[in-house]
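A.B. asks: Predicted model, plus sequence, below.
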Amino acid sequence: MLNHPTRLLFYLTLTTGTLISVSSTSWLGAWLGLEINLLSFIPLMSNLNNQFATEAALKYFLTQALASSILLFGALAFSLSSQATFSSMASPSTLNAVITSSLLLKMGAAPFHFWFPGVMEGLDWLNSLILMTWQKVAPLMLASYLWAPGAFAFTIIVACIGIGSIGGINQTSLRRIMAYSSINHMGWLLSAALLGETYWLVYFGFYTLLSTALILLFHTHQLTHMNQLFGLPLSSPLLKLAFFCNLLSLGGLPPFLGFLPKWIIIQGLVAQAFYPLVTIMVLLTMGTLYFYLRMGYAAFVLTHSTPKWSPFNPLSPSLQAPTLGLLSISLLGLIFVPLFFPSL
């Protein structure tokens with residue numbers, strides 16, 4: 001996909017738009033970077049051979065255009081709020097909520113998540129990975145400037161984790177499951193943003209690593225629905241072990257590496273005395289672990305037959321090394337944490 005010069009150009013401008021947003025010193029510059037990022041991602045999403053991709057690109061464009069217009073309105077209103085005639089119309093806290101809501105809409109956080117699962121459903125796995133990871137960097141960075149403990153922030157965090165947990169339970173499409181998983185992780189990312197920039201960057205790094213490992217396997221074997229997991233070849237134990245360990249690690253099961261970022265955030269929130277928030281977050285996250293376990297347990301334990309003919313190719317030698325490396329990190333990473341984080 002990277003051998004086409006047009007796609008290389010769009011990937012370059014996609015990266016440039018995000019870098020402009022996170023390095024801008026004004027809201028107008030941040031808005032400009034977000035627009036460059038949007039106009040670069042739309043052609044990457046579109047596919048003339050797939051009407052669902054074109055529909056997803058249209059949904060994404062309309063939603064992002066609405067969010068951009070609200071962001072621009074909020075930024076302009078914020079710059080005018082120092083005037084006496086305007087300050088009586090809207091308080092700074094209200095304008096902060098308007099700007100933050102537009103950024104939450106851009107990143108697909110609940111309760112502004114209505115477009116996210118539908119757009120994910122129409123994309124291929126590579127574009128889905130970009131939407132789940134890179135496209136969240138700029139809105140998260142900008143939202144962290146205005147993000148502060150309060151009723152608004154706590155409501156958004158609980159809504160993200162709750163909707164992400166409940167929404168994925170009844171799904172059979174792997175893309176929708178990953179979409180609701182991403183919404184759930186958004187709640188943890190936003191709670192990490194309450195503690196500081198380092199916290200959410202660490203969590204985002206782990207989330208990106210685990211999501212990339214999982215989507216690499218989905219993309220390699222062209223998996224789209226849960227019933228395809230039952231047909232994974234038993235002759236490739238490395239594939240099944242890598243898939244399910246990364247799945248449970250993304251869910252935050254304690255023996256795996258994915259538990260580390262949640263552990264760090266829980267420790268930080270407890271140190272700030274946010275006890276009710278931590279309790280609700282941990283309880284609601286059990287929903288995501290449930291549907292991860294449902295995917296893993298049903299396909300790994302209850303399937304005994306090995307078909308003579310299978311549409312899945314065995315894991316190629318070129319993918320064995322990265323798959324084994326990602327599996328080793330996911331399995332053994334938590335063991336070496338005390339060497340790098342003695343305070344934990």
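C.D. replies: All right, it came through fine.

A.B. asks: pLDDT weak spots in the stretch 151-300 of the chain?
C.D. replies: 231-238, 298-300 (pLDDT under 70).

A.B. asks: hmm, 80 instead?
C.D. replies: 220-221, 229-243, 296-300 (pLDDT under 80).

A.B. asks: what ranges do the strands span in the stretch 1-150 of the chain?
C.D. replies: Read by DSSP state E, counting those that start in this stretch, the stretch 1-150 of the chain holds no strands at all.

A.B. asks: What ranges in it fall below the confidence cut-off?
C.D. replies: 1-5, 47-50, 81-92.

A.B. asks: max-length helix in this structure?
C.D. replies: helix 51-80 (DSSP state H).

A.B. asks: Which strands and helices lie in contact with the helix or strand hosting K262?
C.D. replies: In this assignment (DSSP states H and E), K262 forms part of helix 259-271. Contact analysis of helix 259-271 by 3 or more Cβ pairs under 8 Å, 6 or more residues apart in numbering; DSSP states H and E lists helix 174-195, helix 197-220, helix 275-301 as its packing neighbours. Any C-beta I mention is one placed from the backbone N, CA and C, and that applies to glycine too.

A.B. asks: Other residues contacting it?
C.D. replies: 188, 191-192, 194-195, 199, 202-203, 206-207, 249, 252-253, 277-278, 281-282, 285, 333-334, 337, 344 (Cβ atoms under 8 Å, 6 or more residues apart in numbering).

A.B. asks: Direction-wise, compare that helix with helix 174-195 and give the angle.
C.D. replies: 40 degrees (axes from the mean of the first three to the mean of the last three Cα atoms, to 10 degrees).

A.B. asks: Just the buried residues of helix 259-271, please?
C.D. replies: Using 16 or more other Cβ atoms under 10 Å as the test for burial, helix 259-271 gives 259-266, 268-269.

A.B. asks: now that helix against helix 275-301, angle please.
C.D. replies: Using the same axes, to 10 degrees: helix 259-271 against helix 275-301 is 160 degrees.

A.B. asks: and L334, how far is that from A57?
C.D. replies: 39 Å (Cβ to Cβ, to the nearest Å).

A.B. asks: quick one, which of these two is more surrounded?
C.D. replies: A57 (21 against 18; other Cβ atoms under 10 Å).

A.B. asks: which residues touch that one?
C.D. replies: 42, 45-46, 122.

A.B. asks: Quick one: neighbours of the residue lying closest to it once chain neighbours are set aside, just the number.
C.D. replies: Excluding the flanking residues, the one nearest A57 by Cβ to Cβ, 6 or more residues apart in numbering is M45, at 4.0 Å. Neighbour count of M45, defined by other Cβ under 10 Å: 24.

A.B. asks: hang on, M45 packs against K59?
C.D. replies: No - contact criterion Cβ atoms under 8 Å: M45 and K59 do not qualify, at 9.7 Å.

A.B. asks: show me what contacts the closest residue to W200 other than its chain neighbours?
C.D. replies: Among residues not flanking W200 along the chain, A192 sits closest, at 3.8 Å (Cβ to Cβ, 6+ apart). A192 makes contact with 199-200, 202-203, 261, 265, 268 under the criterion Cβ under 8 Å, 6+ apart.

A.B. asks: Adding distance to A143 as columns, could you present these in a markdown table?
C.D. replies: Putting those into a markdown table (distance: Cβ to Cβ, whole Å) gives the following:
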| residue | distance to A143 |
| --- | --- |
| Y199 | 14 |
| W200 | 10 |
| V202 | 17 |
| Y203 | 14 |
| P261 | 19 |
| I265 | 17 |
| G268 | 18 |
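
A.B. asks: and which of these is nearest S102?
C.D. replies: Closest to S102 out of the contacts of A192 is W200 (18.9 Å), distances taken as Cβ to Cβ.

A.B. asks: and that closest one, what is it in contact with?
C.D. replies: 140, 144, 189-190, 192-193.

A.B. asks: can you rerun that using 7 Å?
C.D. replies: 140, 144, 189, 192-193 (Cβ atoms under 7 Å, 6 or more residues apart in numbering).

A.B. asks: thinking again about what came up before, can you flag the buried ones in the contacts of A57?
C.D. replies: Here, 16+ other Cβ under 10 Å leaves 45-46, 122 buried among the contacts of A57.

A.B. asks: between these, which is closest to T94?
C.D. replies: Among these, and counting by Cβ to Cβ, the member closest to T94 is M45, at 33.8 Å.

A.B. asks: A53 is in contact with that closest one, correct?
C.D. replies: Yes - taking contacts as Cβ atoms under 7 Å, M45 lies within contact range of A53: 6.0 Å.

A.B. asks: Now list whatever residues contact both of the two.
C.D. replies: With Cβ under 7 Å, 6+ apart, M45 and A53 have common neighbours L123.
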